Structures are given as C-alpha cells and as structure tokens.
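Visitor: generate a structure from the sequence data that follows.
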Amino acid sequence: MTFKEIGLIPPILNALDALGYTTPTPIQAQSIPILLKGKDLLGCAQTGTGKTAAFAIPILQQMYEKGGEKGKRKIKTLVVTPTRELAIQIEESFTEYGRHTGLYNTVIFGGVKQGKQVTALKRGVDILIATPGRLLDLINQGFISLRDIEYFVLDEADQMLDMGFIHDIKKIIKLLPHQRQSLFFSATMATRIVDLSKQILGNPEQVTIAPEKTTAEKVEQSMYYVSKPDKIKLLLHLMKTENIETALVFSRTKHGADKVVKLLKRNEINAAAIHGNKSQPQRQRALKAFKEGDIKVLVATDIAARGIDIDELSHVINYDLPNIAESYVHRIGRTGRASASGQAFSFCAADERAYLKDIHKLIKQEVPLITDQPYHDTSPPEKPAKQGGGGRNKRPHGGGGGKKPNPNKRKFYGRKKGPKKS
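Guide: Here you go, the predicted model:
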C-alpha cells in the first residue's frame, strides 16, 4: 500500500514525496483511513513508529478540504503533548506535511517568555501544538480560546500522567467543544490510561502497534565521549581508521548538518546534507548520489531522514545525540538491515550525557564506551543546552540560514490563497 492508495490529496502527497515518503508505516496505514472518515481513534504506539504523521496528515487533509473562513484564523486543531521537545517535533512535522495546504501552525510551551508566542496567536493560527501548563496559562490570560476546536489530539498520554499533568488535562477537556474529532495516543494502556481515554473519546476505533525491538540485534553500537569542538576531528579520525563504506550521519540542526558537510569536503570526503531547508530536487540528487556511491557520507536531521530507505548502509553515526531516546533506536535501525551487519557510532558531549542516560534506560543496556581514541573527553556531565528545535528558523518563504532558531514563530507554507493576516 502507498500513500496515494490511501486516498491522500495532491498537496499532501507532494509534501510527502519531497520528504521521500512512499509507503506508510503500520500505524499510518491503519489510522489514516479511519481518521479521514472523521472517527475518533484510540491508538497504542510508541514514539518512533510514525504516529505523528498518522494523525497530522488526515487532520491537514480534512482542514484543507473544508477550506478557510473569512476573517481572522481560528484555532481548529489542538495537539497537547507533555514536553517541549515533543511539541517542537510535532510542530515541525505539521509544517513539513502541510507546506502546500495554506494552513498556519504554531507551538507554545513553558520555560521561555510568552511574548513571541502571544504575537503569533494574535495573528491567527489554524493548528496549535502545546504543552499543558503554557496552554492553560495563555487560556487564563485570554489569548487562546478552544471553542472552535474541531480536532483534538492527546499525545503520549502515559508520559503526561507520569509527569503529573492529569489535572491540567481534565481542565483542558472541559473547555473543548462536545462536537469534535478526538485522537488519543499512548505507549501503554494501563487502567488509568483507559479511564482517561473514556473522558476524551466517544465511540473510538482502536489501533495497536506492537513495540519495536529496543535495539537492532545486528547493529554493533559504540559510544564516544568527545567535546563539541573535537567532534569533527573524531569523525574524520573514524573515517580514516574504520572500514566505513557508507555513513548516514545525524545532526540535531540543519545549520549543524551543513557545517559538517563543509568540513568533510574540506578534508576531501564527498558528502551532502538533507534537511528541511533543502529543496526536493536537492534532496533527491543527494540521496541518489549516496545510493549510487558518488558520495560516501549523507548528513541528515531526523525529520529529513525519515523517508530514507537504504538496504546496504554500513554505518550510522550520531554526530549529535538525539534528545528523545526513541529517536536513537530509530536512527541505528537504519543499518544492519536484511542480511547485512551494521555499526552505530555515537558522539556524546558533556551536555548530552542526560540524553545518553535516557537512551540506556530505554534500550535496557549500556552502549559500550570507547576510551581508546585520541579525543576521549573526561569532562564531568553538564546540564543539556537549551535546544531551539533543530534549526526551525524558517521564514515564510525559506531562508533563515544561520539565524538563531525561533520555535515560537508562526509558520506558513502554502500556495493556497488564505485570509489576509489581521
């Protein structure tokens, strides 16, 4: 089954094609047809199974087909998720999948000043992704109304309850219109999760995706402690000393990916980058060159790499550790496919040790630490640096090169003519 066979419209198919998506994951294949019929959904699936696309794509399609209203845009879709990192990732996905729909989206979360978020809301948005605390705060201040919500998504419900958000969620549910389409996702279905789902959903369809293996059995994993300035030196060292035929290198940001490619080329290693700021032809050329062996290293951000399917990939290199543990499993699973063996090298700076701790907890084992390397860093762990959301500094029509990321800025990608900004 392909995305086209599911019945998606051309604006969304074009966006998926640009990302390299052709075949839906199991949760997408099962969920999208249900949601396009307007039914509620109770989904049990872990992060990394493709569930963001499973709910974002049908919501975008339904909103696009209904068309816009005259005047200021009203919030029609609300996605609530427990953490800033997840909220930013979901917002980026809506931006990517909906770039040809003419729909606006923005993300709000706590821990930062609310000014820019409020400015985006005042201009009007169609889709809002939020963490519970900041959402209720801005509702209480009168900046957000939920009376026009038509689509409501509660993502990572079990994590939400573990973090103590149950009372906030109940408050949000009371403010939602009774007539709406509701989606509820959780990695587990304990009694308290089922009880909460009954408060949100009407007569839902259910989709359950079995958890993926926590590690790729055929992948040999190695961890390297290295300072940030020495990461590129370590990468060059490994390229020279290890038997690396092809390498998919993961960078947390778009700007970082471009920088790595530049430094590799300077050292006569053919490389290319793929990320959200690259056009579809640029991505396709880079991927084609990589598959045909014209370039040895492909540097990618997580979202740009989701559509990559390469059978014979000898190495995955985490130049930056992901701040969401499930992404690590998803990354290393790209090597060691079919009958091939594979290796995964991960670089860990002092301020990434907290991410490593989460990874060990998820995979229920410690990744072997390699100390016999010229750039071994013995610095003590540091608090993780604040992330700006993976280089989400796109302007309405591109650009943004090395400008400081602004995840609070309202995003618009579209060719469909919509209402004027108020």
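
Visitor: which other helices and strands does the helix or strand hosting residue 220 contact?
Guide: Under the criterion of DSSP states H and E, residue 220 resides in strand 219-225. If you count contacts as 3 or more C-beta pairs under 8 Å, 6 or more residues apart in numbering; DSSP states H and E, strand 219-225 packs onto strand 342-348. To be clear about C-beta, it is placed using only N, CA and C from the backbone, and glycine gets the same treatment.

Visitor: avg pLDDT for the strand it packs on?
Guide: Averaging pLDDT along strand 342-348 gives 94.

Visitor: so what strands line up beside that strand?
Guide: strand 219-225 (parallel), strand 315-318 (parallel) (DSSP bridges).

Visitor: okay, those strands, which one's buried deepest?
Guide: strand 315-318 (a mean of 26; mean count of other C-beta atoms under 10 Å).

Visitor: any idea how far that strand is from the chain center?
Guide: Taking C-alpha atoms, centre = their mean, to the nearest Å, one finds strand 315-318 lying 18 Å from the centre of the chain it belongs to.

Visitor: what does it rub up against?
Guide: With contacts defined as C-beta atoms under 8 Å, 6 or more residues apart in numbering, strand 315-318 is touched by 219, 235, 238, 242, 244-250, 328, 331-332, 334-335, 342-347.

Visitor: does the nearest residue to residue 205 once chain neighbours are set aside count as helix, strand or coil?
Guide: Taking C-beta to C-beta, 6 or more residues apart in numbering as the measure, residue 205 lies nearest to residue 34, with 4.7 Å between them; neighbours along the chain are not counted. Secondary structure, DSSP: H, G, I helix; E, B strand; the rest coil: residue 34 is helix.

Visitor: show the pLDDT at residue 34.
Guide: Confidence score, pLDDT, at residue 34: 96.

Visitor: please give the element, helix or strand, for the residue most central in space within the chain.
Guide: Nearest to the mean C-alpha position of the chain, counting by C-alpha atoms, centre = their mean, stands residue 89 at 3.7 Å. In this assignment (DSSP H and E), residue 89 forms part of helix 84-97.

Visitor: mind checking the pLDDT average for that helix?
Guide: Helix 84-97 shows a mean pLDDT of 90.

Visitor: residues of it that come out buried?
Guide: Within helix 84-97, the residues that count as buried by 16 or more other C-beta atoms under 10 Å are 84-97.

Visitor: skipping adjacent residues, who's closest to residue 383 in space?
Guide: Leaving aside its sequence neighbours, residue 383 sits nearest to residue 351 (C-beta to C-beta, 6+ apart; 6.5 Å).

Visitor: and that neighbour, which of the three is it?
Guide: Applying three-state DSSP: residue 351 is helix.

Visitor: count of residues packed around it?
Guide: If you count neighbours by other C-beta atoms under 10 Å, residue 351 ends up with 15.

Visitor: report pLDDT for it.
Guide: 94.

Visitor: I'd guessed it sits against residue 379; true?
Guide: No: Residue 351 is beyond contact range of residue 379, at 9.5 Å (criterion: C-beta atoms under 8 Å).

Visitor: quick check: angle from the one helix or strand residue 239 maps to to strand 219-225?
Guide: In this structure, residue 239 sits in helix 231-241 according to DSSP H and E. Helix 231-241 and strand 219-225 are oriented at 140 degrees to each other (axes from the mean of the first three to the mean of the last three C-alpha atoms, to 10 degrees).

Visitor: what's the following helix or strand past helix 231-241 in contact with?
Guide: Remark: after helix 231-241, the chain's next helix or strand is strand 247-250, criterion DSSP H and E. Strand 247-250 has contacts (C-beta under 8 Å, 6+ apart) with 235, 239, 260, 271, 296-302, 305, 308, 310, 313-320, 322, 331, 334-335.

Visitor: mind giving me the ChimeraX select for those, buried ones only?
Guide: Only the buried entries of these go into this ChimeraX selection, using 16+ other C-beta under 10 Å:
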select :235,239,260,271,296,297,298,299,300,301,302,305,308,313,314,315,316,317,318,319,320,322,331,334,335
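
Visitor: go through the contacts of strand 247-250 and flag which are in helices.
Guide: Assigned to helices by DSSP state H, the following of the contacts of strand 247-250 qualify: 235, 239, 260, 302, 305, 331.

Visitor: closest to residue 42 among these?
Guide: Proximity of these to residue 42 was ranked by C-beta to C-beta; the top entry is residue 302 with 26.6 Å.

Visitor: in terms of helices and strands, where is the closest residue to that closest one other than its chain neighbours?
Guide: Using C-beta to C-beta, 6+ apart and skipping residues adjacent in sequence, the residue nearest residue 302 is residue 327, 5.6 Å away. If you go by DSSP H and E, residue 327 is part of helix 325-332.

Visitor: and the angle from that helix to strand 219-225?
Guide: Helix 325-332 runs at 120 degrees relative to strand 219-225, counting by the same axes, to 10 degrees.

Visitor: return helix 325-332 as PDB; C-alpha atoms alone will do.
Guide: C-alpha atoms of helix 325-332 as PDB (Å, rounded to 0.1, in the frame of the first residue of the first chain):
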ATOM      1  CA  ALA A 325      15.600   8.400  23.300                       C
ATOM      2  CA  GLU A 326      13.300   6.600  20.800                       C
ATOM      3  CA  SER A 327      15.000   8.600  18.000                       C
ATOM      4  CA  TYR A 328      18.200   6.800  18.800                       C
ATOM      5  CA  VAL A 329      16.600   3.400  18.200                       C
ATOM      6  CA  HIS A 330      15.100   4.700  15.000                       C
ATOM      7  CA  ARG A 331      18.400   6.000  13.800                       C
ATOM      8  CA  ILE A 332      20.600   3.000  14.500                       C
END
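
Visitor: from the chain's centroid, how far away is it?
Guide: Distance of helix 325-332 from the chain centroid (C-alpha atoms, centre = their mean) equals 12 Å.

Visitor: and what of stretch 242-250?
Guide: On the basis of C-alpha atoms, centre = their mean, stretch 242-250 sits 23 Å off its chain's mean C-alpha point.

Visitor: same thing with stretch 83-100?
Guide: Relative to the chain's own centre, stretch 83-100 is displaced by 6 Å; criterion: C-alpha atoms, centre = their mean.

Visitor: one more: stretch 159-178?
Guide: Put simply, stretch 159-178 sits 23 Å off its chain's centre (C-alpha atoms, centre = their mean).

Visitor: please renumber the chain so that the first residue is 40 from this point on.
Guide: Sure thing, new numbering starts at 40, so read that last one as stretch 198-217.

Visitor: least confident secondary structure element in the protein?
Guide: Ranked by mean pLDDT, DSSP states H and E, the helix or strand of the chain with the weakest confidence is strand 450-451, at a mean of 52.
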